[in-house]
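**Q** Build me a structure from this.
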Amino acid sequence: MMHADPPTPPPSDDLPDFVTAEERSELRAALDAVLTPLRETALEAARLIKHLGGRIDAMSMDLARDAGAVARDAQALAAVAQDRATTLYRATPRAAKLAQVGAVLLARHRWLRLAGAARGDLALREEDHRDLAQRTTAFAAQLRGGIAKLGQLASCRPDLVGPIWASELATLQDDVPAIDVALIRARIEAELGRTIDEVFASFDETPLAAASLAQVHGATLLDGTAVAVKVQVPGVEDLIAADIAALRTIANTLGEVPGIDLPILTDELSRALTAELDYLAEAESLRTFGHGNAAVIVPRPVAGASSARVLTMTRIDGERLTTWLERASSDERDRLLGDLVGEVAAQILVRGQVHADPHPGNFLVTPEGRLALLDFGCTLELGSTERAAYARLVLAIAGANHTAAARELALLGFSADAPEQLVAVTASLIGALRPGTSTAELDWEAAFAAQIAQAKQLGGLTIPRSFVLLGRVLATIAGLLATYKPNLQIHAVIARHLAAAVA
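**A** Now for the predicted structure:
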């Protein structure tokens, strides 16, 4: 019987200096618990592949007189074998690396807790959280792919991860190590079937931004038009496939985790990342958002210089939204944040197409003071029924009609063991939308704390799939309003959109 070799422990150089000999032993034991099932899975797959190969040989001998059947069966079996081998080849090393990184971070967390206990402080200090957040961010930047993308998503939810973690993870938005420009140029030429000089009059070697899945370079077209060229990182498709395979392998290894549906989370991540790698779909989203929209500026795609992995679009120059807000006058902040709230309301309630990647790096303010939206790789479609239900929900909460609010929540797909608690949480979440309420007068910190406390009391909570993305959009906007406190009555800004949705 074939036995798996014991997993090789990670090199000691990969472990932080503060980890003691006992901790190293515990760490290796934890890694063994994760890696051993992975190795056994790989060995089982190898035995299966060998068995498949034997079947192909036998089939070739038995069916030699029917060459066509042999070819078809052999190709089918070889495809199965190759698929299994490729999946495990991708999954096992990536899963092992993720397990190792996780173990190192857990060791650091344990050390910080022990150091705090020695001081008589059981809670982590702010500097401890920042230390862990910086280490996690550095690992995510190195790993890139789906892991870095998860970090980006988390940075948009300070209400869930805290302001320190959100601030550190935000550097993953456009502060990921850049890819060698030679690889970027090679990918552009391979995708477009022409040399760089045949497409662009100039091409900037230094990227405008480098993120986990793509890199953006400034360029000019042959007619002099300034453009931004978004290029999918070479090999990121395989890296994403590896992350998904690794997450599925880990999910199968861990089994059930209380409160977390790992298979569904993995499927959602796979779906979102696959959509974000489709630049043809993103180009269509740019055209749709830009058509007849005078409220915001959206880049225009350039079809002749784009493909499924290269997206060339007109360049929009401006400042990052948060940078602009920091130096703007109170009147300017009020106006621009009002424009932003109105645009998001129009997307959700009227147009039904929502920009669902709302981190601050995707909002620019032009020199003329207009709001621009970038990066349409992640969008959300809402049908007229959903749009009307959300509008009626806001109106029911504004009118303190809890029976109607409960009905609309159920229609949208929300449910909980105690429906009245769900209504109360919803009323708290959208309290800022009541007529006469100014965002400048709200105690946002107390409101967030109360909402989190109420949400923790909910049992059996189910939310519709669309709200996974929509909730991120709303939380990001709420974070901006809480930070800059504009003198803004949201209900007055969105009233016409509510009316249009229920008409």
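
**Q** Need the pLDDT of residue 107.
**A** Per-residue pLDDT puts residue 107 at 77.

**Q** Contacts for stretch 116-132, please.
**A** 105, 108-109, 112-113, 162, 164-165, 168 (C-beta atoms under 8 Å, 6 or more residues apart in numbering). In short, each C-beta sits where N, CA and C put it, glycine included.

**Q** 6 Å - rerun?
**A** Contact partners of stretch 116-132, identified using C-beta atoms under 6 Å, 6 or more residues apart in numbering, comprise 112, 164.

**Q** Which residues are in contact with residue 356?
**A** Counting by C-beta under 6 Å, 6+ apart, residue 356 has contacts 378-380, 469, 473.

**Q** Which residue in the residues you listed has the weakest pLDDT?
**A** residue 469 (77).

**Q** Assess the claim that that one and residue 380 are in contact.
**A** Yes - with contact defined as C-beta atoms under 6 Å, residue 469 reaches residue 380; the gap is 4.6 Å.

**Q** can you list the contacts of residue 356 in JSON lines and add neighbour count, secondary structure and distance to residue 182?
**A** Formatted as JSON lines, those follow (neighbours: other C-beta atoms under 10 Å; DSSP: H, G, I helix; E, B strand; the rest coil; distance: C-beta to C-beta, whole Å):
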{"residue": "378", "neighbour count": "21", "secondary structure": "coil", "distance to residue 182": "29"}
{"residue": "379", "neighbour count": "20", "secondary structure": "strand", "distance to residue 182": "32"}
{"residue": "380", "neighbour count": "20", "secondary structure": "strand", "distance to residue 182": "37"}
{"residue": "469", "neighbour count": "20", "secondary structure": "helix", "distance to residue 182": "36"}
{"residue": "473", "neighbour count": "20", "secondary structure": "helix", "distance to residue 182": "37"}
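
**Q** Looking at these, which is nearest residue 184?
**A** residue 378 (22.1 Å; C-beta to C-beta).

**Q** Name the nearest residue to the closest one, ignoring sequence neighbours.
**A** residue 357 (4.1 Å; C-beta to C-beta, 6 or more residues apart in numbering).

**Q** Now do residue 337 against residue 330, distance only.
**A** 11 Å (C-beta to C-beta, to the nearest Å).

**Q** And those two? Which one has more around it.
**A** residue 337 (25 against 12; other C-beta atoms under 10 Å).

**Q** so what's the backbone phi/psi at the more buried one?
**A** phi -70, psi -30 (degrees, to the nearest 10).

**Q** Find the nearest non-adjacent residue to residue 218, please.
**A** residue 204 (4.2 Å).

**Q** Starting from residue 184, give me the distance back to that neighbour.
**A** Relative to residue 184, and taking C-beta to C-beta, residue 204 is found at 11 Å.

**Q** Settle it for me: which of those two has more neighbours?
**A** residue 184 (26 against 15).

**Q** can you list contacts of the host helix or strand of the more buried one?
**A** Residue 184 is located in helix 181-192, with elements delineated by DSSP states H and E. Residues from elsewhere that reach helix 181-192 (C-beta under 6 Å, 6+ apart): 195-196, 199, 205, 215, 231, 234, 307, 309-310.

**Q** buried sites along stretch 395-403?
**A** Residues of stretch 395-403 classed as buried: 395-398, 402 (neighbour count, 16 or more other C-beta atoms under 10 Å).

**Q** now the helices: where do they sit in the stretch 301-450 of the chain?
**A** For the stretch 301-450 of the chain, applying DSSP state H, counting those that start in this stretch gives helices covering 321-327, 330-346, 384-398, 402-412, 419-429, 444-456.

**Q** how about the nearest residue to residue 384, chain neighbours excluded?
**A** Here the residue nearest residue 384, using C-beta to C-beta, 6+ apart, is residue 352, at 7.0 Å.

**Q** Check the gap between the one you found and residue 497 for me.
**A** Distance from residue 352 to residue 497, by C-beta to C-beta: 12 Å.

**Q** Those two: which is more packed in?
**A** residue 497 (21 against 16).

**Q** Return the per-residue confidence for the more buried one.
**A** So residue 497 comes in at 94 (pLDDT).

**Q** residues touching it, list them.
**A** Contact partners of residue 497, counting by C-beta under 6 Å, 6+ apart, are 345-346, 349-350.

**Q** Same list (these) but as a markdown table, adding distance to residue 389.
**A** Below are the contacts of residue 497 laid out as a markdown table (distance: C-beta to C-beta, whole Å):
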| residue | distance to residue 389 |
| --- | --- |
| 345 | 15 |
| 346 | 17 |
| 349 | 10 |
| 350 | 14 |
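
**Q** Return the member of those nearest to residue 409.
**A** residue 349 (16.7 Å).

**Q** picking up where we left off before, got the CA coordinates for the helix holding residue 184 in PDB?
**A** Extracted C-alpha coordinates of helix 181-192, given in PDB (Å, rounded to 0.1, in the frame of the first residue of the first chain):
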ATOM      1  CA  VAL A 181       6.500  46.500 -18.500                       C
ATOM      2  CA  ALA A 182       8.000  44.100 -21.000                       C
ATOM      3  CA  LEU A 183       5.500  41.500 -20.000                       C
ATOM      4  CA  ILE A 184       2.700  44.000 -20.200                       C
ATOM      5  CA  ARG A 185       3.800  45.100 -23.700                       C
ATOM      6  CA  ALA A 186       4.000  41.500 -24.800                       C
ATOM      7  CA  ARG A 187       0.500  40.800 -23.600                       C
ATOM      8  CA  ILE A 188      -0.900  43.800 -25.400                       C
ATOM      9  CA  GLU A 189       0.800  42.800 -28.700                       C
ATOM     10  CA  ALA A 190      -0.400  39.200 -28.400                       C
ATOM     11  CA  GLU A 191      -3.900  40.300 -27.600                       C
ATOM     12  CA  LEU A 192      -4.200  42.900 -30.300                       C
END
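
**Q** ok, back up a step: could you dump the helices of the stretch 301-450 of the chain into CSV with mean pLDDT and distance to residue 190 added?
**A** Formatted as CSV, the helices of the stretch 301-450 of the chain follow (pLDDT from 0 to 100; distance: least, C-beta to C-beta, whole Å):
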stretch, mean pLDDT, distance to residue 190
helix 321-327, 93, 35
helix 330-346, 94, 37
helix 384-398, 92, 41
helix 402-412, 90, 45
helix 419-429, 79, 48
helix 444-456, 66, 48
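
**Q** what about the residue nearest to residue 109 when sequence neighbours are not counted, distance to residue 221?
**A** Nearest non-adjacent residue to residue 109, counting by C-beta to C-beta, 6+ apart: residue 132, 6.1 Å away. In this view, residue 132 and residue 221 are 45 Å apart by C-beta to C-beta.
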